[in-house]
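[1] based on what follows, work out the 3D shape:
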Amino acid sequence: MRVLAPSPPVCASPPRIWLLLGDKPGDNAQVLELARALGEPFLIKRLIPRPEWALGKPRFRPTLEHLDPARSDPLEPPWPELVLTIGRRPSMAALWLQEQSAGRTRLAIVGRPKRWPERFALILAPAQYAVPEAANVVRLELPLLRPDPERLEAAAARWRERLSALPRPLTAVLIGGETKPYRLDVAVARRLARELATLRAREGGTLWVTTSRRTAPAVADALEAALPPGTPFYRWRAEDPPEANPYPGLLALADRFVVTGDSVSMLVEVARLGRPLAIFPLPVRTDPATSLRRAVGRALAPEGPAAALGDLGRRLGLFGFPRELERIHRLLFESGRAVRLGEPFPPPGSPPPDELDRAVARLRALLDGSGPAGEETAASDGG
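    Below you'll find the model as predicted:
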């Protein structure tokens with residue numbers, strides 16, 4: 001358990017803010033970015049799921065049963081005034097904590113609440129989530145992610161000599177992993193390898209491919225085997241020291257990027273650098289169950305034909321808000337910041353507008369008690 005804040009004010013009593021963080025670095029980075037920008041002391045509570053729920057999805061409800069108590073920080077009184085969290089598993093713990101505080105602890109979530117949006121005083125929802133306009137909702141274009149300049153500078157110093165000798169352009173290829181309902185299996189990996197080989201044959205230079213925590217071993221094997229001979233390939237391993245991972249060095253020094261469409265965090269980090277970006281969208285599963293779920297989800301979404309029924313179901317906790325990664329892709333395509341893999345790379349450009357200040361202002365209003373999420377309306381946020 002740690003207190004973190006840049007130049008925090010003196011705080012004799014326990015901090016009013018807790019951050020409930022999970023095991024996903026991209027999610028945690030958004031919450032930390034927001035909390036540090038707020039400038040208030042805060043406690044970090046790291047919550048690690050039990051092994052069976054590291055990839056599996058527990059039933060969404062207020063509980064701690066899905067957490068590994070030996071590896072998670074304890075949640076004990078005195079309870080905070082405000083909890084800031086993100087993701088399914090940590091937000092389940094946040095709802096449990098709210099119940100233990102008899103409702104006195106207010107909750108703010110980055111992303112979407114899986115259910116019960118009225119229990120959250122503030123929802124900071126990026127474009128991939130179909131969250132309806134409401135007084136407690138701030139609609140964002142992109143997630144609150146941006147590369148750490150100090151981390152990039154250190155990585156550039158560490159990797160510059162090794163990368164500078166490679167033929168240019170240096171194209172960093174960043175691989176994510178399967179996430180429902182999208183596929184990244186062996187067949188998709190081989191198709192990606194063929195498209196990358198075509199790119200290198202057409203434009204020369206160097207491909208440098210790196211996998212990530214979510215990349216399945218079979219996918220990594222298939223991709224590495226199908227890439228052009230001599231392609232640098234990094235296979236992510238939990239036991240590797242941080243300096244072995246080329247991702248920060250590539251982020252700092254690569255000329256352009258190819259990113260699989262499942263990884264919003266990697267897409268946004270590259271976009272915020274203003275670097276040329278190509279997205280490899282993952283195909284959607286076509287089995288009947290997935291097709292039915294997607295059709296029903298679209299019908300029940302806030303903009304769907306059965307929106308009223310969807311609102312009732314979400315209030316009852318029967319289902320949540322749909323997620324469509326294509327919304328982020330379209331936003332990047334339409335703004336000229338990305339293309340589909342196979343199209344000419346866009347030129348370097350300006351990064352997307354930074355929405356952090358607007359999110360911080362709403363969080364500050366909530367913390368200062370000027371209403372459930374500040375007095376501004378959803379319309380005033382441009383949503």
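
[2] okay, now residue 98: neighbour count?
    20 (other Cβ atoms under 10 Å). C-beta coordinates here come from the backbone N, C-alpha and C atoms, glycine included.

[3] not counting its neighbours along the chain, what's nearest it?
    Among residues not flanking residue 98 along the chain, residue 105 sits closest, at 5.1 Å (Cβ to Cβ, 6 or more residues apart in numbering).

[4] same check on residue 300?
    Per Cβ to Cβ, 6+ apart, closest to residue 300 is residue 310, 3.2 Å.

[5] burial measure for the one you found, as a count.
    26.

[6] show me the contacts for it.
    Neighbour list for residue 310: 299-302, 304, 319 [criterion: Cβ atoms under 8 Å, 6 or more residues apart in numbering].

[7] write the ChimeraX selection for whichever of these are buried.
    Buried subset of these, written as a ChimeraX selection, criterion 16 or more other Cβ atoms under 10 Å:
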select :300,301,302,304,319
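
[8] among the contacts of residue 310, which are in helices?
    299-300 (DSSP state H).

[9] now tabulate the contacts of residue 310 in CSV and tack on pLDDT and distance to residue 82.
    Converted to CSV, these look like this (pLDDT from 0 to 100; distance: Cβ to Cβ, whole Å):
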residue, pLDDT, distance to residue 82
299, 80, 35
300, 77, 31
301, 74, 29
302, 73, 26
304, 81, 32
319, 72, 27
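
[10] between the contacts of residue 310, which is nearest residue 176?
    Using Cβ to Cβ, residue 301 is the member of the contacts of residue 310 that lies nearest residue 176, at 24.1 Å.

[11] now the strands for this structure?
    Ranges of strands in the chain, per DSSP state E, are 2-4, 17-21, 42-46, 82-86, 106-110, 122-125, 137-139, 170-174, 206-210, 233-234, 256-260, 277-280, 339-340.

[12] can you give me the buried ones in the third one?
    Put plainly, it is strand 42-46. 42-46.

[13] thinking again about what came up before, can you tell me which of the strands of the chain is most buried?
    Neighbour counts (mean count of other Cβ atoms under 10 Å) averaged over each of the strands of the chain peak at strand 82-86, with a mean of 27.

[14] just checking, what packs against that one?
    Packing partners of strand 82-86 (3 or more Cβ pairs under 8 Å, 6 or more residues apart in numbering; DSSP states H and E): strand 17-21, helix 25-38, helix 88-100, strand 106-110, helix 356-367.

[15] swap the cut-off to 6 Å and go again
    strand 17-21, helix 25-38, helix 88-100, strand 106-110 (3 or more Cβ pairs under 6 Å, 6 or more residues apart in numbering; DSSP states H and E).

[16] shaky segments in the chain?
    Applying pLDDT under 70 to the chain flags the ranges 1-12, 317, 370-383.

[17] helices of that one, residue ranges please.
    25-38, 88-100, 149-164, 186-203, 217-226, 247-253, 264-273, 288-300, 307-315, 326-334, 356-367.

[18] so which of those helices comes closest to residue 280?
    The closest approach between residue 280 and any of those, judged by Cβ to Cβ, belongs to helix 186-203 at 5.6 Å.

[19] how about residues contacting that closest one?
    207, 218-219, 222-223, 226-228, 280, 341 (Cβ atoms under 6 Å, 6 or more residues apart in numbering).

[20] that one versus helix 217-226: what angle between them?
    Put simply, helix 186-203 runs at 30 degrees to helix 217-226, going by axes from the mean of the first three to the mean of the last three Cα atoms, to 10 degrees.

[21] with only the CA atoms kept, save helix 186-203 in CSV.
    Extracted C-alpha coordinates of helix 186-203, given in CSV (Å, rounded to 0.1, in the frame of the first residue of the first chain):
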residue,chain,number,x,y,z
VAL,A,186,-3.1,-18.9,-35.8
ALA,A,187,-4.9,-18.3,-39.1
VAL,A,188,-5.2,-14.5,-38.4
ALA,A,189,-1.5,-14.4,-37.3
ARG,A,190,-0.5,-16.0,-40.6
ARG,A,191,-2.6,-13.5,-42.6
LEU,A,192,-0.9,-10.6,-40.6
ALA,A,193,2.5,-12.0,-41.4
ARG,A,194,1.7,-12.1,-45.1
GLU,A,195,0.6,-8.5,-45.1
LEU,A,196,3.7,-7.5,-43.2
ALA,A,197,5.9,-9.4,-45.7
THR,A,198,4.1,-7.5,-48.5
LEU,A,199,4.8,-4.2,-46.8
ARG,A,200,8.5,-4.9,-46.4
ALA,A,201,8.9,-6.1,-50.0
ARG,A,202,7.2,-3.0,-51.2
GLU,A,203,8.8,-0.4,-49.0
